[in-house]
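# turn this into a model:
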Amino acid sequence: MASALLLRRFYCCSSSSNGASALDPTRKKKQLVFMGSPQLAALVTQPPSARNRGRKVMPSPVAQHALDRGFPRDLIFTPERAGEETFLTDFKALKPELCVTAAYGNILPSKFLEIPQHGTVNIHPSLLPLYRGAAPVQRALQDGVKETGVSLVYTVRALDAGPIIDSESVEVDNHVKAPELLSRLFDLGSKLLIRELPSIFDGSAKLKAQVQDDSKATLAPKIKSEESWLSFTQEASVLHNKVRAFAGWPGTRVQLQVLDGNGQVDVLEIKVITTRVGNSSNVCDNEDDITFSGGVLVIPCAGRSALEVLEIQLPGKKVMSARDFWNGLQGRKLQKLP
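Now for the predicted structure:
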């Protein structure tokens, strides 16, 4: 999702483009290739896939962004795997000098990595060797980190384990959500890349790049949809961090029950959109009861903690405030599902 932002700021160039010449007007144009899927000389991205409600087959966001700006369709490659022989032949024919990847989502084989003259560099949204893997921003937020960042690294066969050319750190606000943080980090990463391009092309970047300490590595595995459920047997701070981390996709869900005066029980599946950690003094004596106070739903959690929910979304409906949701209950009781 964030490569689109990167693409807006840095358009990797083919022989027909002139972006690289801005680095040094006296140099010949550089052959750069971008690989990404959230959204640059040839462009390599994931194949078209069915998206949105109509399941219409559409190009990846990065491909669409390039097409919208007149990038040649025949220079957009969409191999299922980067190791396909036909793709490698076409890729080699471009004589790329450098390949840049960001959120590409595909393992690059040795045959690919041997082609670009100056190698392949990756913009990775974490302070490597921390959070190697597919979901570094989400897993960092889920862990409640106070600081993260972005790393520019050379790509090697091992997962996100290449030498670090440079990195930048950022403080993490307790309320920031994954899409916002991801956007910020890729914006920072694109600037980092542009700043380091001269050193990459003259070879000095390889001399200064720092080998990662594998003993300090942590992993950020891909998020699965079944992880989206919230459990109130955990403390509110843990749940709040998960809501922030899983914002966008897959989101976070709960099942609650609504009771009327006649004992009728309805079960609601609710997508939790925005939360904060509440004051434990607002938790009522019956820890199954969900109350409404100060414009938020107050849900008792483990350790006498409280999760305050500001926005929710019902299936097939738009996001609504906790107040609007509560008013819609029309006096019925809201409880956690036993």
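# next one: the closest residue in space to residue 218 that isn't next to it in sequence from residue 307, what distance?
Of all residues not flanking residue 218 in the chain, residue 130 sits nearest, at 5.1 Å (C-beta to C-beta, 6 or more residues apart in numbering). Glycine gets a C-beta too; all of them are placed from N, C-alpha and C. Distance, residue 130 to residue 307, by C-beta to C-beta, to the nearest Å: 27 Å.
# neighbour count for those two, which is higher?
residue 307 (28 against 22; other C-beta atoms under 10 Å).
# okay, and the beta partners of the more buried one?
Beta bridges link residue 307 to residue 277, residue 299, judged by DSSP bridges.
# isn't it right next to residue 238, touching?
No. In this structure, residue 307 is not within contact of residue 238 by C-beta atoms under 8 Å, at 9.4 Å.
# could you list the low-pLDDT ranges of the stretch 51-200 of the chain?
Applying pLDDT under 70 to the stretch 51-200 of the chain flags residues 51-55.
# can you give me the strands for it?
For the stretch 51-200 of the chain, applying DSSP state E, counting those that start in this stretch gives strands covering 56-58, 76-77, 98-102, 120-124, 147-154, 164-171.
# okay, these in a markdown table with mean neighbour count and distance to residue 325 next?
Formatted as a markdown table, the strands of the stretch 51-200 of the chain follow (neighbours: other C-beta atoms under 10 Å; distance: least, C-beta to C-beta, whole Å):
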| stretch | mean neighbour count | distance to residue 325 |
| --- | --- | --- |
| strand 56-58 | 11 | 32 |
| strand 76-77 | 19 | 44 |
| strand 98-102 | 26 | 38 |
| strand 120-124 | 25 | 39 |
| strand 147-154 | 22 | 32 |
| strand 164-171 | 16 | 33 |
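# okay, the ones you listed in TSV with distance to residue 281 next?
Converted to TSV, those look like this (distance: least, C-beta to C-beta, whole Å):
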stretch	distance to residue 281
strand 56-58	50
strand 76-77	57
strand 98-102	45
strand 120-124	42
strand 147-154	31
strand 164-171	29
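# looking at the ones you listed, which is closest to residue 87?
strand 76-77 (6.0 Å; C-beta to C-beta).
# tell me which other helices or strands that closest one touches.
strand 42-44, helix 61-68, helix 85-93 (3 or more C-beta pairs under 8 Å, 6 or more residues apart in numbering; DSSP states H and E).
# hmm, try it at 7 Å
Applying 3 or more C-beta pairs under 7 Å, 6 or more residues apart in numbering; DSSP states H and E, one finds that strand 76-77 contacts strand 42-44, helix 85-93.
# quick one: contacts of it?
Applying C-beta atoms under 7 Å, 6 or more residues apart in numbering, the contact partners of strand 76-77 are 42, 43, 44, 45, 63, 66, 87, 90, 91.
# the first one: how many residues sit nearby?
Residues lying near residue 42 (other C-beta under 10 Å) number 24.
# do I have it right that residue 272 meets residue 256?
No. Residue 272 lies out of contact with residue 256 (C-beta atoms under 7 Å); the separation is 10.2 Å.
# who has more neighbours, those two?
Ranked by neighbour count (other C-beta under 10 Å), residue 272 and residue 256 place residue 272 first, with 25 against 17.
# and that one, what is it in contact with?
Here residue 272 is in contact with 230, 243, 252, 253, 254, 309, 312 (C-beta under 7 Å, 6+ apart).
# now those residues as JSON lines including secondary structure, pLDDT and neighbour count?
Formatted as JSON lines, these follow (DSSP: H, G, I helix; E, B strand; the rest coil; pLDDT from 0 to 100; neighbours: other C-beta atoms under 10 Å):
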{"residue": "230", "secondary structure": "coil", "pLDDT": "98", "neighbour count": "22"}
{"residue": "243", "secondary structure": "helix", "pLDDT": "98", "neighbour count": "24"}
{"residue": "252", "secondary structure": "strand", "pLDDT": "98", "neighbour count": "21"}
{"residue": "253", "secondary structure": "strand", "pLDDT": "98", "neighbour count": "16"}
{"residue": "254", "secondary structure": "strand", "pLDDT": "97", "neighbour count": "22"}
{"residue": "309", "secondary structure": "strand", "pLDDT": "98", "neighbour count": "25"}
{"residue": "312", "secondary structure": "strand", "pLDDT": "98", "neighbour count": "23"}
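# returning to what we had before: distance to residue 293 for the helices and strands packed on strand 76-77 - can I get that in JSON lines?
What follows is those, written out as JSON lines (distance: least, C-beta to C-beta, whole Å):
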{"stretch": "strand 42-44", "distance to residue 293": "51"}
{"stretch": "helix 85-93", "distance to residue 293": "58"}
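# point out where the stretch 201-338 of the chain drops to low pLDDT.
Using pLDDT under 70, the flagged stretches of the stretch 201-338 of the chain are 282-284.
# let's see that with 50 instead.
For the stretch 201-338 of the chain, no stretch has pLDDT under 50.
# so which residues of it form strands?
252-259, 265-277, 291-293, 296-301, 305-313, 320-321, 333-336.
# strand 252-259 and the fourth one, what's the angle between them?
Strand 296-301 and strand 252-259 meet at an angle of 100 degrees, taking axes from the mean of the first three to the mean of the last three C-alpha atoms, to 10 degrees as the criterion.
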